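1. Dropping the sequence and predicted coords here.
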Amino acid sequence: MRLRPTPVLLAALAWFAWACSDSGPTEPETTDLEVLIVRGNDQFGEPGTLLPLPLEVRVQKLSDGAGREEVTVKWEILTGKGASLDQVTSKTDSMGSTSVRLTLGQELGEYRVEASVRGALTGPAEFRAQAILFPELSLVPDHPVRAGDTIRLEGRNLSPDPHENVVTFSGVRGRVISVSNTELQVEVPPCLPGRPVELRLQIGTLATPASGLLVLEGDSFLSLDVGMDSVMDAADGLACFRLPSAPQARYLVVPHTTGTVGGAVYEVSVAGLAQEGGAQAVPGNPIRIPSSDRPELTGSHFDPVDLQWAWDMELRAMEGKLLKEGAPGVTEPMAFRSPFDELLVQQVPEIGDRREFSVLNSEKQFDKVSARIQYITDHSLVYVDEDAPSDGFTSSDLEELATEFESPIHSTVTEAFGSESDIDGNGRVVILLTPAVNRLTPDGSASYIGGFFFGLDLMTDRTGSNGGEIFYAVVPDPTGVHGPPLSRSTLLYTLPSILAHEFEHMIHYNQRILVGGAEFQDALWLSEALAQMAEDLVGEAYRAMGRPEQAEQYQLGNWSRARRFLLEPSHVSVLATLAPGTLEERGAGWLLLKYLHGHDETGSLLNRLVASTRTGVGNVTEAVGRPWEGLMGDWAGALYLDGLEVPVRDDLSFSGLNLRYALSVFNGGFPLKPPLLGAISFLRSASLWSSAPDYYIITTPEAGGLALNVSGPGGRPPDPASGLRILVVRLN
């Protein structure tokens, strides 16, 4: 069902759209883009037929991996007489994805299609397809064969490439050892139990009718003690293993993608074969519908009431555009000054001093604000707008906010991430409380924008810059004169966590851009996860003080989003694929960083991440010193295993955290509940987003064991870009 956009949703999307354009819906700049294949490459079909899958690409920024909407992609047939496309140009959707359908010509052979974007920095994406005759099998062994044996098959219309001939035994792929014009040598999968199977030859989606074959049991088993695990690469579709029968034995099985193309979704089959007959189809999660028909945002992937977050993402995108126009010069942060430099520091203003500020408004212009300083600490200057309602924060409220920023916010966040800049030389962050921020929230919204940092203020030569480190925040407005009605008590509860979040963004900008000299920002998903970690760390500081109520106000949001992610993890990419992101994706990103931070023995991981000039996945893998594939598998396992009291290796747990207990404290129960399978044969078709896990609990039959296979649809190899792998852990 297609959802009707709400006014708040439309407002949030409109805000995010400014980040890409100065003047309405014009074609975005294409000088920082790359075109990547999502799916549909290397397909086969009969001459004159429509290929089964669309040819789909994603257009994303080369700098930070963010998908670009409304980019025109040109499609061109390079080779293949008589082929046709359903369109020759197409526009990318909110994830940066777009697709076309290809109908093959009447001639046999190769067809190539190119997808290009004018001005993109990388070359066009090229798809390959082949028009072939339907494969046939004329000879299949009529006698029993043993698992692991090599058998001979005869047929016609075979591919000369052994890898393109996919032979399956009730959905489990056997390895093709050699091929000629009419003959195949195939290894019977060693994992099969003794049972009748249906043998098929497939080239792409073209498959022969099933032929019966009796397989005798082999002796190949995956033997694991309780707590032991095994990880297999499923890229070739040959990831099959046999679990031995054992009383009350249970296994956690985690198929997971490790691909890094944001917005991609991959079809996966999970098959279990016991000694008895045919497999039972088990409902899986829905296969993704084509992007051209897909709702832009659905209720399970976007919460339209989180305007604070949508605004935050917009500002990061706007900063990226400003940096693209010309990065500011490297600035030395205050932490690196010598005592002699203090002579150059501006004089700290006094209580009551007046200053004018430029504050970004919802029209992408700047409001002029006059404010007076009301409170001063070692690291902050608190200004209040002269137009703020009279029944706003009291003097004690301002003291409370300033003191909380001083400690634990400033002390905790700088210790973890590094120092903020000090381009205005006053050694302090300005906290500006102004109704100009209240006015950012549209009428009738279910939530409000509470505050923000904008990197423009650290670009001293740009229009609208205030030339210093500034946090903008709402003021109490009980009667809703300037925006939604907001009470003092509400803001005293919510503003501190927003301040911690935005302070990390300020530090990140300094460490990465001003000090590190990076020419562009980090990937939005990682930037947001780092800011969420700042909230979490301040919460932990309060927890260490024995103040759990204050800790909760910083941590509850992260745990709530984590819960949303774990309700359906296979449909959530940690790479944040839907602009401007989803609550579930934010939960996934934060849980990944919390996992990595817990395993960081140096205590400097978060600082290395914000100071790096690398981006997204490359930033993480360099900082951690491990490949993405291994990180994804261990993290995916830890999401279920942590707190389960199974003696697994350290990397399969969250160090220093009982994830199950924490989720039960914050949300009342553990949300990840894998289906129980395996007492009989089963076949489950599912879809996994890029860099996403799925979960099953497998039991084995009383005798004969269970062959478990993870592959693409119908036993075919998965899409190479998926990076499909499988983790199996014995639970008892």
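-> Noted; the coordinates are in hand.
2. Helices of this protein, start to end?
-> Using DSSP state H, the helices of the chain run over 7-18, 307-324, 395-404, 411-417, 435-438, 488-509, 524-544, 548-567, 583-598, 605-611, 616-624, 628-641, 659-667.
3. Of these, which is nearest residue 95?
-> Proximity to residue 95, assessed across those by Cβ to Cβ, is greatest for helix 583-598 (11.4 Å). To be clear about C-beta, it is placed using only N, CA and C from the backbone, and glycine gets the same treatment.
4. then that closest one to CSV, C-alphas only?
-> What follows is helix 583-598, C-alpha atoms only, in CSV (Å, rounded to 0.1, in the frame of the first residue of the first chain):
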residue,chain,number,x,y,z
LEU,A,583,15.3,5.7,12.4
GLU,A,584,16.1,2.0,11.9
GLU,A,585,19.3,2.8,10.0
ARG,A,586,20.4,5.3,12.7
GLY,A,587,19.8,2.5,15.3
ALA,A,588,22.0,0.1,13.2
GLY,A,589,24.8,2.7,12.8
TRP,A,590,24.9,3.5,16.4
LEU,A,591,24.9,-0.2,17.4
LEU,A,592,27.8,-0.8,15.0
LEU,A,593,29.9,2.0,16.6
LYS,A,594,28.9,0.9,20.1
TYR,A,595,30.2,-2.6,19.2
LEU,A,596,33.4,-1.2,17.8
HIS,A,597,34.0,1.2,20.6
GLY,A,598,33.6,-1.6,23.1
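5. If you count neighbours, what's buried in that helix?
-> Across helix 583-598, burial judged by 16 or more other Cβ atoms under 10 Å covers 583-598.
6. what stretches of this structure score poorly on pLDDT?
-> Where the chain drops to pLDDT under 70, the residues are 1-31, 277-305, 326-346, 577-581, 667.
7. Mark out where each domain of it begins and ends.
-> Using automatic domain parsing, the domain ranges for the chain come out as 7-11+31-132, 136-216, 328-517.
8. Sort out which residues of stretch 440-450 are buried, please.
-> 440-442, 445, 447-450.
9. Give me the distance between the two termini of it.
-> Start-to-end span of stretch 440-450 (Cα to Cα, to the nearest Å) is 9 Å.
10. Check the offset of that stretch from the chain's centre.
-> 26 Å (Cα atoms, centre = their mean, to the nearest Å).
11. And the nearest residue to residue 156 once chain neighbours are set aside, how close does it get to residue 157?
-> Distance criterion Cβ to Cβ, 6 or more residues apart in numbering; nearest residue to residue 156, sequence neighbours excluded, is residue 136 at 4.6 Å. Distance of residue 136 to residue 157, computed by Cβ to Cβ, to the nearest Å: 6 Å.
12. and if you look at residue 537?
-> 62 Å.
13. between these two, which one's more packed in?
-> More crowded of residue 537 and residue 157, by other Cβ atoms under 10 Å: residue 537, with 23 against 16.
14. My guess is residue 308 contacts residue 499. True?
-> No - Residue 308 is beyond contact range of residue 499, at 12.0 Å (criterion: Cβ atoms under 8 Å).
15. Show me which of these two is the more surrounded one.
-> Using other Cβ under 10 Å, the more surrounded residue of residue 308 and residue 499 is residue 499, with 27 against 21.
16. Identify the residues contacting residue 266.
-> By Cβ atoms under 8 Å, 6 or more residues apart in numbering, the residues touching residue 266 are 39, 257, 259, 687-690, 712, 718-719, 721-722, 724.
17. I meant to write residue 129 there.
-> 42-45, 51, 80, 102, 104, 110-113.
18. Out of these, list just those in strands.
-> Of the contacts of residue 129, the ones assigned to strands by DSSP state E are 43-45, 102, 110-113.
19. which of those count as buried?
-> The neighbour-count test (16+ other Cβ under 10 Å) marks 43-45, 102, 111, 113 as buried among the ones in strands among the contacts of residue 129.
20. any chance of these in JSON lines, plus distance to residue 230?
-> Listed next are those as JSON lines, based on distance: Cβ to Cβ, whole Å:
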{"residue": "43", "distance to residue 230": "32"}
{"residue": "44", "distance to residue 230": "33"}
{"residue": "45", "distance to residue 230": "37"}
{"residue": "102", "distance to residue 230": "39"}
{"residue": "111", "distance to residue 230": "40"}
{"residue": "113", "distance to residue 230": "39"}
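21. List just the nearest of these to residue 568.
-> Using Cβ to Cβ, residue 43 is the member of these that sits closest to residue 568, with 29.0 Å.
22. can you tell me how far residue 587 sits from residue 641?
-> Distance of residue 587 to residue 641, computed by Cβ to Cβ: 18 Å.
23. Could you do residue 133 as well?
-> Relative to residue 641, residue 133 is positioned 49 Å away (Cβ to Cβ).
24. Which residue ranges of the stretch 151-300 of the chain form strands?
-> 166-169, 172-179, 183-187, 195-203, 206-207, 211-216, 229-233, 239-243, 250-256, 265-273, 280-282 (DSSP state E, counting those that start in this stretch).
25. Test of understanding: give the bridge partners of the residue nearest to residue 389 when sequence neighbours are not counted.
-> Take residue 389 and drop its neighbours on the chain: the residue closest to it by Cβ to Cβ, 6+ apart is residue 477, 5.4 Å away. Here residue 477 shows beta-bridge partners residue 486, assigned using DSSP bridges.
26. residues in contact with the closest residue to residue 597 other than its chain neighbours?
-> Spatial nearest neighbour of residue 597, chain neighbours left out: residue 605 (5.9 Å); criterion: Cβ to Cβ, 6+ apart. By Cβ under 8 Å, 6+ apart, the residues touching residue 605 are 596-597, 623-624.
27. could I get these as TSV with distance to residue 481?
-> Formatted as TSV, the contacts of residue 605 follow (distance: Cβ to Cβ, whole Å):
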residue	distance to residue 481
596	45
597	42
623	47
624	49
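28. quick one: which of the residues you listed is nearest residue 402?
-> For the contacts of residue 605, the nearest to residue 402 is residue 597 (28.1 Å; Cβ to Cβ).
29. My read is that that closest one contacts residue 533, right?
-> Yes - using Cβ under 8 Å, residue 597 makes contact with residue 533 at a distance of 6.6 Å.
30. got any residues that touch both of those two?
-> When contacts are counted by Cβ under 8 Å, 6+ apart, the set common to residue 597 and residue 533 consists of residue 606.
31. Tell me where the longest strand sits in the chain.
-> strand 366-376.
32. Pairing partners for it, with directions?
-> When pairs are called by DSSP bridges, strand 366-376 turns out to pair with strand 354-360 (antiparallel), strand 380-385 (antiparallel).
33. Show me the one of these that comes nearest residue 118.
-> strand 354-360 (31.4 Å).
34. Show me what counts as buried in that closest one.
-> 357-360.
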